[in-house]
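Chemist: please find the sequence and the predicted model below.
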Amino acid sequence: MMSLDALTAPRLFNGETFLDHHALLVEGEKIAAVVQRSEIPSHAVVTSLPSGLLVPGFIDAQVNGGGGFLFNEAPEVATLDGISAAHRRHGSTALLPTYITDRIDGMKRALEAARAAIAASVPGVAGIHLEGPYLSVARKGAHDPALIRPLTDEDVDLILGSGIETILLTVAPENASNRLIRRLAEGGVIVSLGHTDTDYDTAMAAADAGATGITHLFNAMSPLQGRAPGVAGAALDHGGLWAGVIADGHHVHRGSLSVALRAKRAPGRLFLVSDAMPTAGDPNDVFFLNGRKVTRRNGALTLEDGTLAGSDLTMDGAVRYSVDNLGIDLGEALRMASLYPAQFLKLDRRRGRLAPGFRADLVHLDETLATRGVWIAGHKLVG
C-alpha cells in the first residue's frame, strides 16, 4: 500500500486562492487531497512547516542555463541535469531548457538531449524551447546574425519528428511563413513570436495562423507606438497570445510592465520567465555565448557592446520583483509563475495547481518569498 504524506504550512496557495489551516495530502507522485488539518487521516505521515507558504511549483518556459551550465555550450543530458538542479533550488519544478540560434547539427543534438532527459526522468525537464534560428537580424539581440535563417519544411519535419511532447519554438514572421506556423501548431508545437521587427498586422496574422506566444515581451521586437502598434501592441491586443516577461529590473521598465499587465486582453496572460544564463545560481561572472564574452555586472548580463544577453534571474526572484516593484498581489504573482505558464504550455491538467490528481510539484516559500523546500513528483529534492 502506498504511503500517505500530509504537508502543513501556515498558508497554502492552491493556484487560485489562499487557504489557512489546511493540509496537502500526497500519495506517491500525486496530490490526493487538500483538507482541513482536522481531517488529516490518522495513518498519514505528517510534515509540519512551521512558517511560510506552500505553493505550486514554478514553471519556467525559457532557461538557457544555470549553475555554470549552458545548453548551447554542451547540449547533453548532464547539462540539463545541472541546469535543472540549479533552478530547482529557486522553486522551478518544471522548465524548458532553451537552445538559442545555432547550426542545425547543434539543434539536432539539443533535441536528442531533451528527449533523452525526459526519458530518463531528469527532475524538472518538461520539454524544450528552441529560440531561433528563424528570427529577424534586425532584432537579433544576442543571437549570432550569421546563423539566423528562414524556417523550411525540412526544419518542421525535424521538429515534429523529435518525439518530444512539449516543444516551444520562437520564430519571427519575417523568417517563418504562416503556412509553416500552421503546420507546427497543428502538429502540437507551441509557436511564439520573438526577435522580430514585423508590424502589428503581420503579427496578428501569425497569431491567427496558430502562434500562441510572445517571447520576452518588449525585448527584441517592434515597439508599441501611436500609429504603429508593432509586435508589442499585437501581444497586448490579441486575446490568444500569452506573453513571457523578464521581471528583473533590467530588461523592461517596471512602468511598461505595469501598463502591460493592465492592458493585456484575455484569455492570454503575462507570465514570468527567467531567460537565465549560466551565472544564475553560480558565482562566476563571465561565460561565453557562441564564442562571445558575456559579463555579469550589477545583476545584468551583457555582451562587450552592451547588448543584454539573457538574465541572472531565478523564478523566486521574479516573483519577489513582481510583488515588490510592480504592485502585483502575491496570488497573481504566483499564478504568473505557475498556473499561467502551465496553461500556455498545455501542462495545466497536471501542473500549476495544488489539487487532487495533480503532480505533487510543490515549493515552500519563507516570509521573504525565498525558496526553502522543493518537491517534484512527491519527492523532496531541496530543503
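Modeler: Perfect, I can see it now. All values derive from a computational prediction rather than experimental measurement.

Chemist: and the pLDDT at the residue lying closest to residue 327 once chain neighbours are set aside?
Modeler: Excluding its sequence neighbours, the residue lying closest to residue 327 (C-beta to C-beta, 6 or more residues apart in numbering) is residue 258, at 6.6 Å. C-beta: built from backbone N, CA, C; applies to glycine. Note on residue 258: pLDDT of 96.

Chemist: wouldn't residue 258 be in contact with residue 325 here?
Modeler: No. Counting by C-beta atoms under 8 Å, residue 258 sits too far from residue 325 to count as a contact (9.0 Å).

Chemist: hey, what's in contact with both of these two?
Modeler: Common contacts of residue 258 and residue 325 (C-beta atoms under 8 Å, 6 or more residues apart in numbering): none found.

Chemist: how near is the closest residue to residue 358 other than its chain neighbours to residue 326?
Modeler: In space, residue 358 comes closest to residue 31 once its chain neighbours are excluded; the distance is 5.1 Å by C-beta to C-beta, 6+ apart. As judged by C-beta to C-beta, to the nearest Å, residue 31 and residue 326 stand 30 Å apart.

Chemist: more neighbours, these two?
Modeler: Higher neighbour count among residue 31 and residue 326: residue 31, with 24 against 18, using other C-beta atoms under 10 Å.

Chemist: so who does the closest residue to residue 160 other than its chain neighbours touch?
Modeler: Once flanking residues are discounted, residue 160 sits nearest to residue 187: 4.4 Å by C-beta to C-beta, 6+ apart. By C-beta under 8 Å, 6+ apart, the contact list for residue 187 reads 156, 159-160.

Chemist: which residues sit against the longest helix along the chain?
Modeler: Counting by DSSP state H, the longest helix found in the chain is helix 104-119. Here helix 104-119 makes contact (C-beta under 8 Å, 6+ apart) with 71-72, 75-77, 79-81, 97, 99, 102, 125-128, 130, 133, 158-159, 162-165.

Chemist: circling back: from memory the residue nearest to residue 358 sits against residue 356, does it?
Modeler: Yes. Checked against C-beta under 8 Å, the pair residue 31 and residue 356 is within contact range at 5.8 Å.

Chemist: what's around residue 154, how many residues?
Modeler: For residue 154, using other C-beta under 10 Å, the count is 9.

Chemist: let's number from 4 now, not from 1
Modeler: Sure, I'll start counting at 4 from here, so that last one is residue 157.

Chemist: now it. Its backbone dihedrals?
Modeler: Main-chain dihedrals, residue 157, degrees, to the nearest 10: phi -60, psi -40.

Chemist: measure it to residue 291 for me?
Modeler: In terms of C-beta to C-beta, residue 157 sits 30 Å off from residue 291.

Chemist: following the helix or strand hosting residue 162, which helix or strand comes up?
Modeler: According to DSSP states H and E, residue 162 maps onto helix 156-163. Per DSSP H and E, the first helix or strand lying C-terminal to helix 156-163 is strand 170-174.

Chemist: ok, that following strand: who's next to it in the sheet?
Modeler: Using DSSP bridges, the strands paired with strand 170-174 are strand 131-134 (parallel), strand 193-196 (parallel).

Chemist: now render those strands as TSV, adding mean neighbour count.
Modeler: As requested, the strands paired with strand 170-174 are arranged in TSV below (neighbours: other C-beta atoms under 10 Å):
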stretch	mean neighbour count
strand 131-134	27
strand 193-196	24
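
Chemist: pipe those into a markdown table and attach distance to residue 383 and mean pLDDT per row.
Modeler: Listed next are the strands paired with strand 170-174 as a markdown table, based on distance: least, C-beta to C-beta, whole Å; pLDDT from 0 to 100:
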| stretch | distance to residue 383 | mean pLDDT |
| --- | --- | --- |
| strand 131-134 | 26 | 98 |
| strand 193-196 | 30 | 99 |
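
Chemist: can you put those in TSV and add distance to residue 22?
Modeler: Converted to TSV, those look like this (distance: least, C-beta to C-beta, whole Å):
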stretch	distance to residue 22
strand 131-134	33
strand 193-196	31
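
Chemist: low-confidence ranges, the protein, go.
Modeler: Low-confidence segments of the chain, defined by pLDDT under 70: 4.

Chemist: what's the domain layout of it?
Modeler: Dividing the chain into domains by automatic domain parsing, as the record does, gives the ranges 7-58+355-385, 61-347.

Chemist: which of those sits most buried?
Modeler: Comparing the domains of the chain by mean neighbour count (mean count of other C-beta atoms under 10 Å), domain 61-347 comes out on top with a mean of 21.

Chemist: where's it relative to the chain centroid, distance-wise?
Modeler: Offset of domain 61-347 from its chain centre (C-alpha atoms, centre = their mean, to the nearest Å): 7 Å.

Chemist: follow-up on the earlier one: doesn't the residue nearest to residue 330 fall inside a helix?
Modeler: Yes. Judged by DSSP: H, G, I helix; E, B strand; the rest coil, residue 261 forms part of a helix.
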